[in-house]
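S.K.: Quick one: sequence plus predicted model below, questions after.
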Amino acid sequence: MERLIEKAKVLTEALPYIQRFAGKTVVIKYGGSAMREERLRNSFAEDIVLMKFVGLNPVVIHGGGPQIDEVLERFGKEARFVKGLRVTDAETMEVVEMVLVGKINKELVRLINQHGGRAVGLSGKDGELFRARRFVFTSEQEGGSETEDIGFVGEVESVDPSIIRALDQDRFIPVIAPVGVDAEGQTYNINADLVAGRLAVALKADKLILLTDVPGILDPVGELLSSLSLAEAEELIRRKVVSGGMIPKVRCCIEAVSEGVQKSHIVDGRIEHAVLLEVFTDGGVGTEIYLE
């Protein structure tokens, strides 16, 4: 009986959040361990389906770096990176698109549908969702700065969310690969975090959630910071408390909130049902960034 009462308490705790977020859009960047471990893949799919059934509009953006590396290795091609950005020549771009759009995207669609959802797979090419432009990488050199050609790596020039809104209205769940195209039809590989942030702004999303392999943003002694204002997040970057690969993630969250997204979250995707715990419980499982 006590276990049943505990379950009832969980449901009643979730109720005000379900009421608050009904009809709202939540953009989720899916990556890290949540993509690689079967129990986490299943719990993520269940989270997304439940969110849709209780009235939210989840939109999923996925990455796929490790899977791309595996295929490149099978083809005998070495993966190269500059400051965390994949050097993407024409041959690598073909592999990136094949893995992201043809493999990972369709596997995630299948998984969500197996759990009772109605997922539809897209890339940034569909409905001209993401117009891309070549990313110009500038590195600081002694005596000045120098640009470096890293190939078909793109950034988002513009977003047309019409196709996402149409799918939401028809109760579908969009699942999007971070590939875009420029005005001349050239395909580009775009960082999934950045895509998620730009799409969240374009959709006027209530939340942006980035799934990672860390607990969230940590303070100088390694304790989780569950909630930060924009100014506090910027200060942590300035003081180098936030460093390395976390900087672009935190900046992505800051920019999204600065441009109208209500809250951004960096969430530990190694925890089962991390998305539900962050959205529908008082404590959450990561760090939220909000506008003061």
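M.R.: Structure's in. What do you need?

S.K.: Helices of the stretch 101-250 of the chain, residue ranges please.
M.R.: 105-114, 162-169, 192-202, 230-238, 246-258 (DSSP state H, counting those that start in this stretch).

S.K.: what angle separates the last one from helix 230-238?
M.R.: Read that as helix 246-258. For helix 246-258 against helix 230-238, the angle by axes from the mean of the first three to the mean of the last three C-alpha atoms, to 10 degrees is 160 degrees.

S.K.: For helix 246-258, which residues meet the burial criterion?
M.R.: By neighbour count on 16 or more other C-beta atoms under 10 Å, the buried set for helix 246-258 is 246, 249, 250, 251, 252, 253, 254, 255, 256, 257. Every C-beta, even on glycine, is put in place using the N, C-alpha and C of the backbone.

S.K.: In terms of model confidence, name the weakest of the residues you listed.
M.R.: Among the buried residues of helix 246-258, residue 246 carries the weakest pLDDT, at 87.

S.K.: For it, list the residues it contacts.
M.R.: 214, 217, 266 (C-beta atoms under 8 Å, 6 or more residues apart in numbering).

S.K.: isn't residue 55 right up against residue 20?
M.R.: No: between residue 55 and residue 20 there is no contact under C-beta atoms under 8 Å: 10.4 Å.

S.K.: so which of the helices of the stretch 101-250 of the chain is the most packed in?
M.R.: helix 192-202 (a mean of 26; mean count of other C-beta atoms under 10 Å).

S.K.: how about it as CSV, C-alpha atoms only?
M.R.: The C-alpha coordinates for helix 192-202 follow below in CSV (Å, rounded to 0.1, in the frame of the first residue of the first chain):
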residue,chain,number,x,y,z
ALA,A,192,23.1,19.7,-32.7
ASP,A,193,23.2,21.9,-29.6
LEU,A,194,23.2,25.1,-31.7
VAL,A,195,20.5,23.8,-33.9
ALA,A,196,18.3,23.0,-30.9
GLY,A,197,18.9,26.5,-29.5
ARG,A,198,18.0,28.2,-32.7
LEU,A,199,14.9,26.1,-33.2
ALA,A,200,13.7,26.7,-29.7
VAL,A,201,13.9,30.4,-30.3
ALA,A,202,12.1,30.1,-33.6
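
S.K.: who touches it?
M.R.: Under C-beta under 8 Å, 6+ apart, the answer for helix 192-202 is 25, 27-29, 31, 59, 61-64, 124, 130, 155-156, 159-161, 164, 176, 178, 180, 205, 207-208, 210, 248-249, 252-253, 255-256, 259-261, 264.

S.K.: Below-threshold pLDDT in the stretch 51-200 of the chain: ranges please.
M.R.: 139-146 (pLDDT under 70).

S.K.: go again using 90 as the cut-off
M.R.: For the stretch 51-200 of the chain, the stretches with pLDDT under 90 are 65-66, 75-87, 135-150, 168-170.

S.K.: That one: strands as residue ranges?
M.R.: For the stretch 51-200 of the chain, the strands defined by DSSP state E, counting those that start in this stretch cover 57-62, 81-82, 85-86, 119-123, 130-134, 137-141, 144-148, 153-159, 173-177, 179-181, 187-190.

S.K.: Including mean neighbour count, could these go into a markdown table?
M.R.: What follows is the strands of the stretch 51-200 of the chain, written out as a markdown table (neighbours: other C-beta atoms under 10 Å):
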| stretch | mean neighbour count |
| --- | --- |
| strand 57-62 | 26 |
| strand 81-82 | 12 |
| strand 85-86 | 18 |
| strand 119-123 | 22 |
| strand 130-134 | 21 |
| strand 137-141 | 10 |
| strand 144-148 | 9 |
| strand 153-159 | 20 |
| strand 173-177 | 27 |
| strand 179-181 | 24 |
| strand 187-190 | 24 |
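
S.K.: so which of the ones you listed comes closest to residue 37?
M.R.: Evaluated with C-beta to C-beta, the strands of the stretch 51-200 of the chain place strand 57-62 nearest to residue 37, the distance being 14.8 Å.

S.K.: quick one: that closest one to chain centroid distance?
M.R.: Relative to its chain's centre, strand 57-62 lies at 8 Å (C-alpha atoms, centre = their mean, to the nearest Å).

S.K.: For it, which strands pair with it and how are they oriented?
M.R.: Here strand 57-62 has these sheet partners by DSSP bridges: strand 25-30 (parallel), strand 173-177 (parallel).

S.K.: quick one, which of the ones you listed is nearest to residue 288?
M.R.: strand 25-30 (12.7 Å).

S.K.: With only the CA atoms kept, save that closest one in PDB.
M.R.: This file holds the C-alpha atoms of strand 25-30, laid out as PDB (Å, rounded to 0.1, in the frame of the first residue of the first chain):
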ATOM      1  CA  THR A  25       6.700  23.400 -26.900                       C
ATOM      2  CA  VAL A  26       9.800  21.800 -25.400                       C
ATOM      3  CA  VAL A  27      12.900  21.300 -27.600                       C
ATOM      4  CA  ILE A  28      15.100  18.500 -26.500                       C
ATOM      5  CA  LYS A  29      18.600  17.800 -27.700                       C
ATOM      6  CA  TYR A  30      19.200  14.100 -27.500                       C
END
